[in-house]
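> Need the 3D shape of this:
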Amino acid sequence: QVQLVESGGGLVQAGGSLRLSCAASGSIFSISAVGWYRQAPGKQRELVAAITSGGSTNYADSVKGRFTISRDNAKNTVYLQMNSLKPEDTAVYYCNAGVVTTTPLKEYDYWGQGTQVTVSS
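Predicted coordinates for the structure are as follows:
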């Protein structure tokens, strides 16, 4: 079994910064692509940033230049550094990862439970 646990959310003023972490644990052989998503009240979940196993990244236009996704493969952890936060960044942030488990040796899709980010104006 594999678990993804997000942390680092909270309340911050506009212009501030937060760093989210997504830590994977369990029977992990390897982790492929990981994405950070967010869902604001009344809105659909949207992809914010993603990173491949090789370190290639892509970002939503709304966060380009402000957010940075990175990963530490030794720690099975992916980070989302969020700078210059805006009130419209307020949402629950989720991480999603493709994880190859040890037994069976197969890739599964996992989601974390989410962490709340609130940006006040």
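
> Quickly list what residue 18 is bridged to.
Residue 18 forms beta bridges with residue 82, as assigned by DSSP bridges.

> Setting aside sequence neighbours, what's the nearest residue to residue 38?
residue 91 (3.8 Å; C-beta to C-beta, 6 or more residues apart in numbering). Where C-beta positions appear, they are placed from N, C-alpha and C, glycine not excepted.

> mind listing what that neighbour touches?
38, 39, 40, 43, 117 (C-beta atoms under 8 Å, 6 or more residues apart in numbering).

> Model confidence score at the residue nearest in space to the middle of the chain, please.
In the chain, the residue lying closest to the centroid (C-alpha atoms, centre = their mean) is residue 36, at 3.1 Å. At residue 36, the pLDDT value in this model is 98.

> Sheet partners, orientation included, of the helix or strand hosting it?
Here residue 36 sits within strand 28-39, counting by DSSP states H and E. Strand 28-39 has the following strand partners under DSSP bridges: strand 46-51 (antiparallel), strand 91-101 (antiparallel).

> Show me which positions of that strand end up buried.
Residues of strand 28-39 classed as buried by neighbour count (16 or more other C-beta atoms under 10 Å): 31, 34, 35, 36, 37, 38.

> Does the fifth one touch residue 92 like I think?
No - under the criterion of C-beta atoms under 8 Å, residue 37 lies out of contact with residue 92, with a separation of 9.1 Å.

> who touches both of the two?
With C-beta under 8 Å, 6+ apart applied, the contact sets of residue 37 and residue 92 do not overlap.

> Quick check: the gap between the residue nearest to residue 38 and residue 18.
Between residue 91 and residue 18 the distance is 12 Å, computed by C-beta to C-beta, to the nearest Å.

> With residue 52 instead?
According to C-beta to C-beta, residue 52 and residue 18 sit 23 Å apart.

> Closest one of the buried residues of strand 28-39 to residue 101?
Closest approach between the buried residues of strand 28-39 and residue 101, by C-beta to C-beta: residue 31, at 10.5 Å.

> Tell me the confidence at residue 61?
98.

> how many other residues sit next to it?
For residue 61, the neighbour count with other C-beta atoms under 10 Å is 6.
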